[in-house]
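K.L.:
Predicted model follows, preceded by the sequence.
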Amino acid sequence: MEQGSAREGVRAPCVPGVPAVAPVTGRVPEQLSVGRSRDAEPAGGGRGARGEHPQAGCSQAEPPVPRVVRHSVRGQILEALRSALVDGELVPGQVYSAPVLGARFGVSATPVREAMQQLATEGAVEVVPNRGFRVSERGPRELAELAEVRALIEVPVMLRLARTVPAERWAALRPLAEATVAAAAVGDRASYAECDRAFHRAVLALAGNEQLVAVADELHRRSQWPLVAHPATRRADLLADAAEHTALLDALAAQDLAVVQALVREHFAGAEG
């Protein structure tokens, strides 16, 4: 299930005649001090760290890119890359160079490489020696398998919570469900993904099992990555997905176990989150 306000675009420098490293139009979280620019890399560019090849950019006169505040740079870059994954702006099968992406964020290649290494451990990308990182290619079968595992974990928990949690506790979660509707209304996939995971974490947290919440959230995040050649989710699809959150809260408050089970299974099987 998966987005609110528009964010600045981030684009890798143009690389004429070099298809191996793809441009990126990823979006940066608002806490990053990054602006849009098409400045070229320094003349004579040279090789990037660890054998990666920074590419020359298109030369256009625009203000220089503001630098990212050094506080938690790696974490901010990681979130920006995750948003770009959700949006499909990091394209499955394409290779991206850490120096080129670093130039777009106004940082060195190091925090970008560290963030990409984290994404590699999560299975979102794979390391391509001397070139960078290739975005993993996923098919419908993997998405179906993730939906099945999520249902095995979350359906029994939600049924137990429906029996034991008072209605007022579910009412307190309604603002989180409404946040997913608001994000879906503007078609912002990255913001929708964040609100969607926040809603599910809050529901599962009522079980009092932190390990459960962590495992379910990781599976949820992976289910939000785009499929190969998968078109962007339409706003209508996001709205329909978001509406299931409020319907689920109503069923949980009413202790309607049959509806809870049906909604959760349909939610996992019919959407990217």
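P.N.:
That came through, no problem.

K.L.:
Tell me the backbone dihedrals of Pro166, please.
P.N.:
phi -70, psi 160 (degrees, to the nearest 10).

K.L.:
Next, count neighbours for it.
P.N.:
Using other C-beta atoms under 10 Å, the number of residues around Pro166 comes to 8. Yep, even glycine has a C-beta here, placed from its N, CA and C like the rest.

K.L.:
Tell me who's in contact with it.
P.N.:
If a contact means C-beta atoms under 8 Å, 6 or more residues apart in numbering, then Pro166 has no contacts.

K.L.:
Correct me if wrong: Pro226 contacts Gly88.
P.N.:
Yes. Counting by C-beta atoms under 8 Å, Pro226 does reach Gly88; the two are 4.3 Å apart.

K.L.:
Mind checking which of those two has more residues around it?
P.N.:
Pro226 (22 against 19).

K.L.:
isn't there a helix covering the more buried one?
P.N.:
No. Secondary structure of Pro226 (DSSP: H, G, I helix; E, B strand; the rest coil): coil, not part of a helix.

K.L.:
and Glu126, that's in a strand?
P.N.:
Yes. Judged by three-state DSSP, Glu126 forms part of a strand.

K.L.:
what sits opposite the residue lying closest to it once chain neighbours are set aside in the beta ladder?
P.N.:
Distance criterion C-beta to C-beta, 6 or more residues apart in numbering; nearest residue to Glu126, sequence neighbours excluded, is Arg134 at 5.2 Å. Here Arg134 sits in beta bridges with Val95, Glu126, as judged by DSSP bridges.

K.L.:
Can you tell me how far Arg134 is from Glu122?
P.N.:
Distance check for Arg134 against Glu122: by C-beta to C-beta, to the nearest Å, it reads 14 Å.

K.L.:
Could you check which of those two is surrounded by more residues?
P.N.:
Neighbour count, other C-beta under 10 Å: between Arg134 and Glu122, Arg134 has more, with 20 against 16.

K.L.:
surely the more buried one meets Leu119?
P.N.:
No. Counting by C-beta under 8 Å, Arg134 sits too far from Leu119 to count as a contact (11.0 Å).

K.L.:
which residues do the two both contact?
P.N.:
Each of Val125 lies in contact with both Arg134 and Leu119 under the rule C-beta under 8 Å, 6+ apart.

K.L.:
How about the longest helix along the chain, which residues are buried there?
P.N.:
Ranked by number of residues, the top helix in the chain under DSSP state H is helix 140-164. Residues 142-143, 146-147, 149-151, 154-155, 157-159, 161-162 are the ones in helix 140-164 that count as buried (16 or more other C-beta atoms under 10 Å).

K.L.:
buried stuff in the helix or strand following it?
P.N.:
Note on helix 140-164: by DSSP states H and E, the next helix or strand toward the C-terminus is helix 167-171. Buried residues in helix 167-171, defined by neighbour count with 16+ other C-beta under 10 Å: Trp170.
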